[in-house]
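[1] sequence-free structure coming up:
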Ligand SMILES: *Cc1c(COP(=O)(O)O)cnc(C)c1O
């Protein structure tokens with residue numbers, strides 16, 4: 001029943017490293033063959049063997065309206081007919097920028113790029129350019145894309161400076177990255193004692209790349225205060241949470257202002273897009289207005305802008321979407337929790353808008369180390385069994401799940417029933 005995917009995977013591996021263009025797609029942490037996808041249909045993925053899956057991944061976040069939304073499809077097709085790219089300004093960019101600016105009170109201007117990785121990389125350059133400082137603070141378990149200075153892991157001993165987490169990244173390029181524990185206020189204060197050259201803190205205010213781990217209110221407040229006290233800028237990486245956690249992203253939920261905000265995923269509705277945004281004063285440092293260089297041949301691509309524009313306008317005209325998505329996310333994780341409890345399996349669950357997470361462990365993890373203490377084997381079995389029954393969850397406990405508008409309560413209940421069956425055997 002995975003025959004065609006198996007063959008496709010083998011063929012892919014002969015011409016693409018590991019057969020995939022992004023490592024997580026290879027299903028390494030859960031095992032098995034990654035289904036090769038033929039098409040999406042609303043809430044469902046259909047693979048090349050004809051298997052259908054209820055999709056809780058939604059392209060890792062962008063598809064808040066599910067697959068093949070008619071309005072987005074129509075806007076994209078109409079734009080495609082006028083040409084794919086011009087390398088010259090279009091009105092679509094201004095319109096999408098205006099939609100984003102309107103939702104965030106402390107940002108005035110947006111620069112579009114083509115991925116989340118580019119957005120955070122550029123936001124950090126901007127923060128360094130504005131402050132004239134070099135060091136950055138990043139938290140363990142937060143992911144901000146794959147640029148060199150962000151691929152860090154804890155160094156040996158008590159060093160605050162990160163060591164490269166990938167071959168190919170010179171230690172010289174990570175020596176300005178200070179690595180801190182998420183939700184650890186003392187650790188963060190120590191960083192500001194260790195360095196007087198801090199340009200910025202970059203943080204996922206609702207971490208979604210170590211499973212769902214929200215920052216505490218006190219922690220974000222400390223981030224804000226330390227930045228203000230030391231002339232550093234606070235960057236909220238909202239590539240995932242922007243227009244996902246709420247209509248005003250994580251920012252709207254945590255009641256804390258950042259200086260620079262990065263976007264991606266939902267603002268492109270499935271097309272390759274990223275963006276970073278800040279006040280007029282900060283953005284004035286950016287080329288061509290200022291001297292901090294940043295550019296992109298395909299930046300603000302019209303097709304991507306058209307997709308994002310329709311998507312954001314749809315979200316804005318139906319703000320209740322988020323309450324509905326949150327209710328569905330809660331229905332799902334509460335159902336999973338109930339099933340787990342029934343079978344004496346410890347499970348921790350959480351939701352933030354249309355993002356949801358669950359961990360096979362005794363207590364709710366607060367940071368990367370605690371997530372690492374979860375039962376990964378149990379997760380892998382759960383994942384494989386759910387996949388067999390037609391439920392497509394993210395293939396790692398370090399990832400969150402995403403609810404989309406087309407998933408119904410009946411589908412969620414069917415998912416819970418399947419999970420209940422599986423948990424009996426776990
Ligand atoms: C996905 C993600 C990125 C990277 O975006 P890409 O488009 O994959 O480069 C950066 N930050 C966060 C928080 C993300 O979730």
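    Received the coordinates, thanks. From a predicted model like this one, the values you see are computed outputs, not experimental measurements.
[2] residue of the stretch 51-200 of the chain with the smallest distance to the ligand?
    residue 116 (2.1 Å; Cβ to the nearest ligand atom). Just so you know, the C-beta spots here come from the backbone N, C-alpha and C atoms, and that holds for glycine as well.
[3] Report the contact partners of that residue.
    Contacts for residue 116 (Cβ atoms under 8 Å, 6 or more residues apart in numbering) come out as 144-145, 237, 239-240, 262-265, 274.
[4] which ones among those come in contact with the ligand?
    Among these, the residues that sit close to the ligand (Cβ under 6 Å from any ligand atom) are 144-145, 237, 239-240, 264, 274.
[5] Out of the contacts of residue 116, which end up buried?
    Neighbour-count burial (16 or more other Cβ atoms under 10 Å) applied to the contacts of residue 116 gives 144-145, 237, 239-240, 262-265, 274.
[6] the strands in the stretch 51-200 of the chain, which residues?
    52-55, 109-113, 135-139, 152-153, 163-164, 177-180, 198-203 (DSSP state E, counting those that start in this stretch).
[7] For residue 66, which of those strands is the nearest?
    strand 52-55 (7.7 Å; Cβ to Cβ).
[8] Now the closest one: buried residues?
    53-55.
[9] Provide the strand pairings for that strand, with the direction of each partner.
    Strand pairing for strand 52-55, determined by DSSP bridges: strand 44-47 (antiparallel), strand 391-392 (parallel).
[10] Give me the below-cutoff pLDDT ranges for the stretch 301-426 of the chain.
    Within the stretch 301-426 of the chain, no stretch has pLDDT under 70.
[11] Of all residues in it, which one is closest to the ligand?
    residue 400 (9.0 Å).
[12] That residue: how many residues sit nearby?
    Other residues near residue 400 come to 29 when the count uses other Cβ atoms under 10 Å.
[13] Nearest residue to the residue nearest in space to the middle of the chain in space, ignoring adjacent ones along the chain?
    Nearest to the mean C-alpha position of the chain, counting by Cα atoms, centre = their mean, stands residue 240 at 3.0 Å. Nearest residue to residue 240 in three dimensions, chain neighbours excluded: residue 208, at 4.5 Å (Cβ to Cβ, 6 or more residues apart in numbering).
[14] re earlier: distance of the residue of the stretch 51-200 of the chain closest to the ligand relative to residue 224?
    Distance, residue 116 to residue 224, using Cβ to Cβ, to the nearest Å: 23 Å.
[15] Then residue 42?
    40 Å.
[16] what about whichever residue of the stretch 251-400 of the chain sits closest to the ligand, distance to residue 71?
    Here the stretch 251-400 of the chain gets closest to the ligand at one residue, residue 264, 4.7 Å apart by Cβ to the nearest ligand atom. Residue 264 sits 21 Å away from residue 71, taking Cβ to Cβ as the criterion.
[17] Would you mind listing the buried residues in stretch 44-58?
    Buried positions in stretch 44-58, judged by neighbour count with 16+ other Cβ under 10 Å: 44-49, 51, 53-58.
[18] May I have the phi/psi pair for the residue of the stretch 251-400 of the chain closest to the ligand?
    With angles defined as degrees, to the nearest 10, residue 264 sits at phi -180, psi -150.
[19] For it, list the residues it contacts.
    115-116, 119, 239-240, 242, 273-275.
[20] next one: residue 189
    222, 226.
[21] Now do the contacts for the residue of the stretch 301-426 of the chain closest to the ligand.
    Applying Cβ under 8 Å, 6+ apart to residue 400 gives the contacts 208, 211-212, 240, 355-357, 394.
[22] Next: residue 397.
    Contacts of residue 397 (Cβ under 8 Å, 6+ apart): 29, 211, 359-360, 371, 374, 376, 379.
[23] JSON lines for the buried residues of strand 52-55, including pLDDT and distance to residue 329?
    Listed next are these as JSON lines, based on pLDDT from 0 to 100; distance: Cβ to Cβ, whole Å:
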{"residue": "53", "pLDDT": "98", "distance to residue 329": "18"}
{"residue": "54", "pLDDT": "98", "distance to residue 329": "14"}
{"residue": "55", "pLDDT": "98", "distance to residue 329": "14"}
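[24] closest to residue 86 among these?
    Nearest member of these to residue 86, counting by Cβ to Cβ, is residue 55, at 33.4 Å.
[25] ok, the closest one - contacts?
    Residue 55 makes contacts with 40, 43-45, 66-67, 392, 404, as judged by Cβ under 8 Å, 6+ apart.
[26] what's the answer for residue 403, then?
    Applying Cβ under 8 Å, 6+ apart to residue 403 gives the contacts 56, 325, 328-329, 332, 354-356.
[27] Then residue 30?
    Counting by Cβ under 8 Å, 6+ apart, residue 30 touches 379-380, 383-384, 395-396.
[28] How about residue 265?
    Counting by Cβ under 8 Å, 6+ apart, residue 265 makes contact with 60-62, 116, 239-240, 242, 244.
[29] pretty sure residue 375 contacts residue 360?
    Yes. Between residue 375 and residue 360 there is a contact under Cβ atoms under 8 Å: 4.1 Å.
[30] if we can go back for a sec, and the contacts of residue 30, which two are the farthest apart?
    Using Cβ to Cβ, the two most remote members of the contacts of residue 30 are 384 and 396, lying 12.7 Å apart.
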